[in-house]
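Asker: Got a sequence here, can you model it:
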Amino acid sequence: MTIKPLSDHVLIEPLKEEQKTKTGILLPETAEQEKSEQGTVVAVGPGKKGKDGKIIPLEVKVGDLVLFTKYGPSEVKIDGKEYLIAKAEDILAILE
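Answerer: Below is the predicted model of the structure:
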């Protein structure tokens, strides 16, 4: 299935991080974990309309590694895989 976000929305694949305790014990995936705040951009919308009616393109592109707000994006499951859909304003930075 192909997904094309609308407007200023971005489809993100969150990074799966190994969770460790302060003492170095690895936690299994079944343990309650914090949401990831980093991910890879999978698809981007065309951009947001400005007051003049012109489309303002997004600063992120497919393949960018981004840092986003923890609770801003919406979780979606597509073909058994978990993704996040975020507004452009929920993306804080591009990681290089």
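
Asker: Can you pull up the most central residue in this structure?
Answerer: The chain has I12 as the residue nearest its centroid, 3.2 Å off, counting by C-alpha atoms, centre = their mean.

Asker: That residue against V44, yeah?
Answerer: No - here I12 lies out of contact with V44, judged by C-beta atoms under 8 Å, at a distance of 9.8 Å. Any C-beta I mention is one placed from the backbone N, CA and C, and that applies to glycine too.

Asker: Which strand residues bridge the residue nearest to the centre of the chain?
Answerer: Beta bridges link I12 to V41, L84 when assigned by DSSP bridges.

Asker: From K54, how far out is it?
Answerer: From I12 across to K54, the span is 26 Å (C-beta to C-beta, to the nearest Å).

Asker: tell me which residues of stretch 42-62 are tucked away?
Answerer: For stretch 42-62, the neighbour count (16 or more other C-beta atoms under 10 Å) marks V42, A43, V44, G45, L58, V60 as buried.

Asker: Looking at those, which are in strands?
Answerer: Among these, the members found in strands (DSSP state E) are V42, A43, V44.

Asker: would TSV of these with distance to P73 and pLDDT be doable?
Answerer: Below are those laid out as TSV (distance: C-beta to C-beta, whole Å; pLDDT from 0 to 100):
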residue	distance to P73	pLDDT
V42	12	95
A43	13	95
V44	14	96
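
Asker: what would the residues you listed look like in a markdown table with distance to K4?
Answerer: Formatted as a markdown table, these follow (distance: C-beta to C-beta, whole Å):
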| residue | distance to K4 |
| --- | --- |
| V42 | 11 |
| A43 | 6 |
| V44 | 9 |
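
Asker: Check the residues you listed against K70 and report the nearest one.
Answerer: V42 (19.0 Å; C-beta to C-beta).

Asker: ok, and for stretch 3-16, which residues are buried?
Answerer: P5, D8, H9, V10, L11, I12, P14.

Asker: Now for those: which two are most distant?
Answerer: Largest separation among the buried residues of stretch 3-16 by C-beta to C-beta: D8 and P14, giving 19.3 Å.

Asker: Chain neighbours aside, what residue packs nearest to D79?
Answerer: M1 (5.7 Å; C-beta to C-beta, 6 or more residues apart in numbering).
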